[in-house]
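Q: sequence-free structure coming up:
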Ligand code: ACO
């Protein structure tokens, strides 16, 4: 039996139910507090707020644990693929061979974009950021299929989810080709998910891109490691939009916008830019570390720190190891990797970072892998978005399948002006 929390306010005691999650996470349910007492809770930035109950992903930030549907990320990274993991996240179980075959063939059947969408692509300026193009095009896609604009329908959800996962990769590759003034390369149904993405990015009409096993595996793993991360900024955004009963494409397009910011998915681009500028300035990283500790400098050590992880991000460990292997296999020696390692080594010994429990996060090394794969820096956050799509879709489905789900509507504490008189424009000072 769960305990009851007691809260004393204005001489009265209020009883609030508590609950414990499967991993022992404890929570006080304050949903009736305002009704009972007139008080709301204030939690700027939601650092101590559980916005939902979820069965998808578990994180223990203190211990550096990440599990999708109960499976440790390290195991999935070693044994699974992005497509299989996408199925796991969305449907809750690893697929059987037949389920995986069906899901993969749905992805293949839905890889093409409506031909008229090319006019939308043409409307963007060549230097348009691919994240802006991605979110706009995901929404535009749904205009070409009235079914997609309709509210959630479990009968067609499987198809919608596959459409989105498949098309986002085609849109991303087309956006990149457009930004380089290159002709779009159509997907090949014989290629698997990640192979097809690399093909659409790097093949030319006259020559197919050579698919190297280690390159395909590395990118597939990057997608997999990004596939979900519980109630982060973009996933909460997707759930927020979904809670208004917006369609899947609109909800996930909003997720793309939230992910774009440099404090979230945009950090992978920021990390690489930081490493490049350190390299260009001739610094080995020590000067930059000193700046990152000085609040007045306005600099942070990008790729370090996390709202939830107060330990090494388990994804960063996997990526760092993969990074070393990939660079060796491709015979690449990247000075930026040396700077990153030096920064990490210095920061992990520095009391500023130790006291604040700031460790490398997933973005710290992912940029170096993507650079080795030939992916341009402005596409880094797009790669993150392709990877995160199954997590967003799984969260969308969880909101929609919950019969008790209500529109998300936080409250606020108003600290603005008290009522005042309207002053006509000619009398204002
Ligand atoms: N470099 C230097 N100092 C930092 C850093 C950093 N990267 N991150 C946090 N700090 C300091 C803060 O200045 C603050 O110091 P103070 O207590 O002396 O004021 C303290 O550590 C706590 O930082 P907050 O900003 O309160 O932590 P919060 O949980 O709000 O932010 C965040 C987390 C946004 C990830 C932050 O660590 C950061 O900006 N990191 C760099 C950007 C980044 O890598 N983002 C990717 C996150 S992972 C992802 O989205 C996939």
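A: Ah, there it is. Please read these numbers as outputs of a predicted model, since none were measured by experiment. Residues are numbered from 1 along each chain as shown.

Q: quick one: name whatever helix or strand follows the longest helix seen in the chain.
A: If each helix of the chain is counted by residues according to DSSP state H, the longest one is helix 154-179. Remark: after helix 154-179, the chain's next helix or strand is helix 193-202, criterion DSSP states H and E.

Q: ok, and for that next one, which residues are buried?
A: 193, 194, 195, 196, 197, 198, 199, 200, 201, 202 (16 or more other CB atoms under 10 Å). Every residue, glycine included, has its C-beta placed from N, CA and C.

Q: okay, the angle between that helix and helix 154-179?
A: 30 degrees (axes from the mean of the first three to the mean of the last three CA atoms, to 10 degrees).

Q: what does helix 193-202 contact?
A: 81-83, 104, 107, 111, 166, 169-170, 172-174, 176-177, 184-188, 191, 208-209, 211, 215-216, 219-220, 223, 373-375, 386 (CB atoms under 8 Å, 6 or more residues apart in numbering).

Q: in the next helix or strand after that helix, what counts as buried?
A: Beyond helix 193-202 in the direction of the C-terminus, DSSP H and E gives the next helix or strand as helix 213-225. Using 16+ other CB under 10 Å as the test for burial, helix 213-225 gives 215, 216, 217, 218, 219, 220, 221, 222, 223, 224, 225.

Q: any chance of those residues in CSV, plus pLDDT and distance to residue 283?
A: Listed next are the buried residues of helix 213-225 as CSV, based on pLDDT from 0 to 100; distance: CB to CB, whole Å:
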residue, pLDDT, distance to residue 283
215, 95, 31
216, 96, 35
217, 96, 34
218, 95, 28
219, 97, 30
220, 97, 34
221, 97, 31
222, 96, 28
223, 98, 33
224, 98, 34
225, 97, 29
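
Q: filter those residues down to the ones near the ligand?
A: Restricting the buried residues of helix 213-225 to those touching the ligand (CB under 6 Å from any ligand atom) yields no residues.

Q: between those residues, which is closest to the ligand?
A: The closest of the buried residues of helix 213-225 to the ligand turns out to be residue 225 (CB to the nearest ligand atom; 10.2 Å).

Q: what residues does the chain have near the ligand?
A: 263-265, 267, 292, 300-307, 356, 358, 361-363.

Q: go again using 8 Å as the cut-off
A: 45, 47, 226, 229, 232-233, 262-265, 267-268, 270-271, 292-293, 295, 299-307, 313, 352-353, 356, 358, 361-364, 384 (CB under 8 Å from any ligand atom).

Q: pLDDT below threshold where in this protein?
A: 1 (pLDDT under 70).

Q: strands paired with the helix or strand where residue 5 lies, and their directions?
A: Using DSSP H and E, residue 5 sits in strand 4-9. Sheet partners assigned to strand 4-9 using DSSP bridges are listed as strand 12-20 (antiparallel).

Q: neighbouring contacts of the partner strand?
A: Outside strand 12-20, the residues that reach it (CB under 8 Å, 6+ apart) are 2-8, 26-30, 32-33, 36-37.

Q: can you select the buried ones from these in ChimeraX?
A: In ChimeraX, this line selects whichever of the contacts of strand 12-20 come out buried by 16+ other CB under 10 Å:
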select :27,30,33
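
Q: which one of the contacts of strand 12-20 sits closest to the ligand?
A: Nearest to the ligand among those, with distances taken as CB to the nearest ligand atom, is residue 27, at 19.5 Å.

Q: Three-state assignment for the closest one, please.
A: When classified by DSSP: H, G, I helix; E, B strand; the rest coil, residue 27 comes out as strand.

Q: which one of the residues in the chain is closest to the ligand?
A: For the chain, CB to the nearest ligand atom, closest residue to the ligand: residue 305, 2.3 Å.

Q: who's in contact with that residue?
A: 356, 358, 359, 361.

Q: could you redo the last one with a cut-off of 7 Å?
A: Residues in contact with residue 305 (CB atoms under 7 Å, 6 or more residues apart in numbering) are 358, 361.

Q: which residue is nearest the middle of this structure?
A: residue 388 (4.7 Å; CA atoms, centre = their mean).

Q: so how far is residue 422 from that residue?
A: Using CB to CB, to the nearest Å, residue 388 is found at 46 Å from residue 422.

Q: over to residue 63?
A: Taking CB to CB, one finds residue 63 at 57 Å from residue 422.

Q: those two: who's more crowded?
A: residue 63 (11 against 4; other CB atoms under 10 Å).

Q: quick one: secondary structure of the closest residue to the more buried one other than its chain neighbours?
A: Leaving out its chain neighbours, the residue that sits closest to residue 63 by CB to CB, 6 or more residues apart in numbering is residue 311, at 6.3 Å. Secondary structure assignment for residue 311 (three-state DSSP): coil.

Q: in contact with residue 311, which residues are there?
A: Going by CB under 7 Å, 6+ apart, residue 311 touches 61, 62, 63, 64, 359.
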